[in-house]
Each structure stands twice: as C-alpha cells, then as structure tokens.
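Asks: Sharing a model prediction with you, sequence too.
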Amino acid sequence: MFNMMKIETSEQAGTTQLREDIPFCECWSCSEDCVRQRRLCPPMAEALRVGGERSRLQKYSQGDSFVIPAKYISTALIIALIVTSLCACKEKEPQQPPPLFVRFTPTPLLQIVDSIGIYAVVEIPAGTTELQAIDTGGHLLSISDHPVDFLPFPGNYGFIAGCGKMDSVLGKLIPLPVLVMMPSLQAQSIVGISPVATLVLSKAGASYPVVIAIPADSTLQSIKAYNFVDFITEYDASRHILQQWFLNYQGREMFGFTGWRDEHYARQLIADWKLKE
C-alpha cells in the first residue's frame, strides 16, 4: 500500500517534490536505503507520475464535456497535411503477376505447358493409395490391381511436364518424378512448382531421382520451404518422413537410398531431362 498523504507535484520540472515531513510508501519493495536517502522507490514514483498526469488533464475538462486546447488542434492539422502530402507523392506500386493457378486438363504425357516456369502433372493425389499413371495420350490408367500396402502418398505425386529420358532396359520414355508438398489435388491437375530438393534413390541398380517441390503460388503452399536449407532446418522431420516413406511404400527391397541434393541440383536435373520441342 502507498501512503499518499503530504505529497506535492511540480509541473514545471515534470517531477515530484517531497516535503520533509512526507511519509514514504509502505510497500514491500522499499528498502532501508530508500527510506534513509529520502528517495522514491519505482512503484511510488510511477504512482505519483500517473497522479500528476491526471491533475493536468482535469484542467481541460468542463463538466461532462472535454475541451481540446487550440494548440493541439493546430498541431494535429499540420501532421495530417504532411501525411496526406507524402501519400500523394508516393509512386504507385507495380501490379504483381497473376498467381499460377492449378489447372485440370487431360494432358498428354510429357507435354510442355509453356516455356515459362516449371509445372507438375499430378498422377496420384496426396492421401491416396491407388497406383495410377497418365499414358502418352493423356489418359489416366491404373497400373496395379492392389493399392499401396503402406501409408498413403504424403504429397501429390506425378511428373515434371516436358521432361523425360529413354530407359534402355524398358525401351520407353520415363518421365521425371516429382512430389509436390501441398494439400491433395485431383489427378491430372497441372500446377506451377518451385523445386526445393531432390531425393535420389536407386532402383534395380539405376538412379531414380524424385524432385521434391512446393507450389509456386504462395496461396497454395502448406509449408514455407523455399530452398534446401529451409527444408532441412525448418522442416527436417518432413525430409525424414519422405525418405522413409519412399524406401518402404513398395517393400523394403524395391528402392535403395543414395542421398539428398539441393534445389540447384533439381533445376539442373530438370534442364538435363527436358525434351526438345
């Protein structure tokens, strides 16, 4: 508790003056040095400062109404004019390019959507277990009579549009796999992506890279990993989940682990696999 008796304030100095006979506060925070040296403890000083502000405020009040001094009104008007002038002089910000919206269309295998940006074609939506693929005519086909005997796909799985390599063993063109980390999309959807990493696996002795990406449109992103450093620092648990999932979703003997590569490796991979128009 504070003993507020016999306290005088000085508005000129903006501080509180103490008479010789003023009793000090009686709260637990005062020490013996505070009392002996005739100075206020912090809680007492704050209480007196608030009291002084209230006494000055009462000078401008009349009954139930409140009167603002003319000098304050003129100052406010000057500030308002300066702010208005600055806003008028500010250059108009350039419009942002439209976002890369998800599109749905029957897409021929490896078709290049356009020459700007990187696009993924979804074959297996996130959260599903049915193995399916898009053929060269753009038709969605089931490639297995049995669903994945494991956890559902942790992202939208498909291929990079316009990228593929000839498999000498199978004798056919193999698209570049991609997993897009975002909410589930419908099969055959096309979405602009930004690569953040590459999971390099091995299958039957051959390299089997999978590009890991996020949607280019920020409104579609579920995580904010814009490069490999972000991915392994902010979402390292996701990296381990994806690695273990790919090594086990078709049995432990199907894939081997080679390593992780960054987003620059992924972009170079896309450039190397890009088909000639």
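Replies: Ah, there it is.
Asks: remind me which residues of the stretch 51-200 of the chain are low pLDDT?
Replies: Filtered on pLDDT under 70, the stretch 51-200 of the chain yields the residue ranges 51-77, 80-81, 83-116.
Asks: can you do 80?
Replies: 51-116, 136-138, 168-171 (pLDDT under 80).
Asks: what about W260, which helix or strand?
Replies: Per DSSP states H and E: W260 is located in strand 256-262.
Asks: could I get the next helix or strand after that strand in CSV with only the CA atoms?
Replies: Per DSSP H and E, the first helix or strand lying C-terminal to strand 256-262 is helix 263-273. C-alpha atoms of helix 263-273 as CSV (Å, rounded to 0.1, in the frame of the first residue of the first chain):
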residue,chain,number,x,y,z
GLU,A,263,17.3,-27.2,-55.3
HIS,A,264,20.1,-26.3,-57.7
TYR,A,265,20.6,-30.0,-58.4
ALA,A,266,16.9,-30.3,-59.0
ARG,A,267,16.8,-27.5,-61.5
GLN,A,268,19.8,-28.9,-63.3
LEU,A,269,18.2,-32.3,-63.4
ILE,A,270,15.1,-30.7,-65.0
ALA,A,271,17.2,-29.0,-67.6
ASP,A,272,19.1,-32.2,-68.4
TRP,A,273,15.8,-34.2,-68.7
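Asks: Just want the angle from helix 263-273 to strand 256-262.
Replies: Inter-element angle recorded for helix 263-273 and strand 256-262: 110 degrees (by axes from the mean of the first three to the mean of the last three CA atoms, to 10 degrees).
Asks: what residues does helix 263-273 touch?
Replies: 118, 160, 163-165, 176, 194-198, 209, 211-213, 227-228 (CB atoms under 8 Å, 6 or more residues apart in numbering). Glycine gets a C-beta too; all of them are placed from N, C-alpha and C.
Asks: Please apply the same query to stretch 125-137.
Replies: Counting by CB under 8 Å, 6+ apart, 107-110, 121, 123-124, 140-144, 147-148, 150, 152-159, 182-188 sit against stretch 125-137.
Asks: What is the end-to-end distance of that stretch?
Replies: This stretch, stretch 125-137, spans 20 Å end to end (CA to CA, to the nearest Å).
Asks: Given the strand holding W260, what are its sheet partners and their directions?
Replies: Its sheet considered, strand 256-262 pairs with strand 189-203 (antiparallel) by DSSP bridges.
Asks: Let me know the angle separating the helix or strand just after the partner strand from strand 189-203.
Replies: Following strand 189-203 in sequence order, the next helix or strand is strand 206-215 (DSSP H and E). Counting by the same axes, to 10 degrees, strand 206-215 lies at 150 degrees to strand 189-203.
Asks: helices and strands around strand 206-215, which ones?
Replies: strand 172-180, strand 189-203, helix 263-273 (3 or more CB pairs under 8 Å, 6 or more residues apart in numbering; DSSP states H and E).
Asks: Give the rounded mean pLDDT of that strand.
Replies: For strand 206-215, mean pLDDT rounds to 95.
Asks: Give me the buried positions along that strand.
Replies: Judged by neighbour count (16 or more other CB atoms under 10 Å), strand 206-215 contains these buried residues: Y208, P209, V210, V211, I212, A213, I214, P215.
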